[in-house]
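>>> give the three-dimensional model of this entry:
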Amino acid sequence: MASYHSNTLTSPKKKEDSFLDKIGTLARKKKAKEVNELEQEGKDAIESKLNMSSLAIDPEGYKLEENEERSMIDPSSRDDYKVKELMNILLGWINDELADQRIIVKDVGEDLFDGQILQKLIEKLAGIKIQFPEVTQSEIGQKQKLRVVLDEVNKILRLDPSSPKEINWSVDSIHTKNLVAILHLLVALARFFNAPIRLPDNVVITILVVQKIGNQLVTRKALEEITSEHEDMGARIGCDRDAFDTLLDHAPEKLNLVKKTLITFVNKHLTKVNLEVTDLDKQFHDGFYLILLMGLLEGYFVSLGCIHQTATTFEEKLHNVHFAFELMQDAGLPKPRARAEDIVNCDLKATLRVLYDVFTTYKAAPSSFS
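Numbers count the residues shown, from 1 in each chain. Purely as a prediction, here's the structure:
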């Protein structure tokens with residue numbers, strides 16, 4: 001009897017618990033459904049805004065001044081396979097360059113914005129040391145460091161700060177992790193330093209631009225070209241295939257003959273100042289021998305005060321090569337088809353092209369200092 005009484009007392013509680021459990025389960029399912037619907041609604045709203053047909057956002061929400069613009073990357077561009085390929089190639093290049101410093105970059109935006117890794121990369125590529133006072137890791141301190149680093153980059157790349165159109169990045173754009181600016185910067189560095197990578201051709205990013213006009217937001221799309229055609233780092237812009245391409249590609253056995261001819265010509269003149277070349281691949285990469293050669297051929301002494309006799313950094317070597325190119329053009333030679341950066345990077349074809357132009361111009365002329 002007692003047992004029966006106990007069962008009759010507990011049974012209604014179990015039913016009540018079961019009922020509450022069901023109510024709770026239904027509530028959770030309803031809540032999850034509402035969350036999913038809300039997420040989908042948000043996604044649809046975003047995609048709708050990005051269609052650019054209209055952008056009904058309160059102008060005050062952007063805090064834009066009249067005619068001021070702000071831009072963002074179209075999400076479809078972030079998913080573009082060429083953009084992803086470019087970022088992966090650049091990441092691999094940076095990590096290879098900084099491997100000896102045990103630095104690993106995982107995201108070009110998140111890891112480069114404060115200037116620290118950019119500083120290490122530039123120092124490694126250019127063989128320099130960027131000096132500046134120790135700064136804090138506050139936003140102001142980060143921007144101070146970033147400004148010093150970017151000023152050095154612009155100097156190395158020979159960009160004119162007074163011509164903003166030449167420079168596709170700024171302290172603010174890099175610090176705010178603007179992907180377009182960061183990619184422009186990294187591609188410029190890869191090209192300049194002849195990175196051993198192949199950049200994908202025709203990488204274009206779609207930009208969504210919002211401008212405040214008459215207290216209304218006007219939107220438009222713009223296309224930003226990051227790379228063009230023939231971005232293979234071995235195929236130089238403005239340098240069509242010539243006899244040297246054919247020689248190296250199809251008749252490498254004749255290469256030594258060509259090098260021997262050029263070495264004989266060069267030493268005929270450099271021995272007058274007790275210098276001798278034995279390795280075309282490396283002995284011209286700092287520009288010093290090329291400068292002396294032009295002085296000997298043209299019959300003048302080059303002031304050593306305007307060149308680097310013992311160039312050690314990339315920038316010093318580049319200065320010398322550019323100076324040599326100027327001497328060549330002053331002497332009436334055609335504008336060198338090779339890039340100065342390629343000479344510094346010991347690009348054999350570039351060095352051969354420059355020396356061959358000198359050789360064909362002066363091969364029959366006696367040394368002016370004989």
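>>> pLDDT below threshold where in the stretch 51-200 of the chain?
The stretch 51-200 of the chain contains residues with pLDDT under 70 at 51-63, 133-136, 164.
>>> what do you get if the cut-off is 90, keeping everything else the same?
For the stretch 51-200 of the chain, residues meeting the criterion pLDDT under 90 lie at 51-89, 91-93, 95-116, 124-146, 155-180, 191-200.
>>> let me see the ranges of the strands in it.
69-73 (DSSP state E, counting those that start in this stretch).
>>> check the stretch 201-350 of the chain too.
Counting by DSSP E, counting those that start in this stretch, the strands of the stretch 201-350 of the chain are 204-213, 216-225.
>>> may I see the buried residues of stretch 336-350?
Buried residues in stretch 336-350, counted by 16 or more other C-beta atoms under 10 Å: 336, 338-347, 349-350. Backbone N, C-alpha and C define where each C-beta goes, glycine included.
>>> quick check: phi and psi on residue 214?
The phi/psi pair for residue 214 (degrees, to the nearest 10) reads phi 60, psi 40.
>>> what about it, how many neighbours?
9 (other C-beta atoms under 10 Å).
>>> check what pLDDT it gets.
pLDDT for residue 214: 84.
>>> ok, it - contacts?
Shown in contact with residue 214 (C-beta atoms under 8 Å, 6 or more residues apart in numbering): residue 66.
>>> need the max-distance pair from the buried residues of stretch 336-350.
Maximum pairwise distance in the buried residues of stretch 336-350, criterion C-beta to C-beta, is 15.9 Å, between 336 and 346.
>>> returning to what we had before: so which of the strands of the stretch 201-350 of the chain is nearest residue 329?
Nearest of the strands of the stretch 201-350 of the chain to residue 329, taken as C-beta to C-beta: strand 216-225 at 30.3 Å.
>>> which strands or helices does the closest one pack on?
Strand 216-225 is packed against helix 59-62, strand 204-213, with contacts defined by 3 or more C-beta pairs under 8 Å, 6 or more residues apart in numbering; DSSP states H and E.
>>> pick the most deeply packed of the ones you listed.
Neighbour counts (mean count of other C-beta atoms under 10 Å) averaged over each of the helices and strands packed on strand 216-225 peak at strand 204-213, with a mean of 17.
>>> just how off-centre is that strand within its chain?
Taking the mean of its C-alpha atoms, strand 204-213 sits 22 Å from the chain's own mean (C-alpha atoms, centre = their mean, to the nearest Å).
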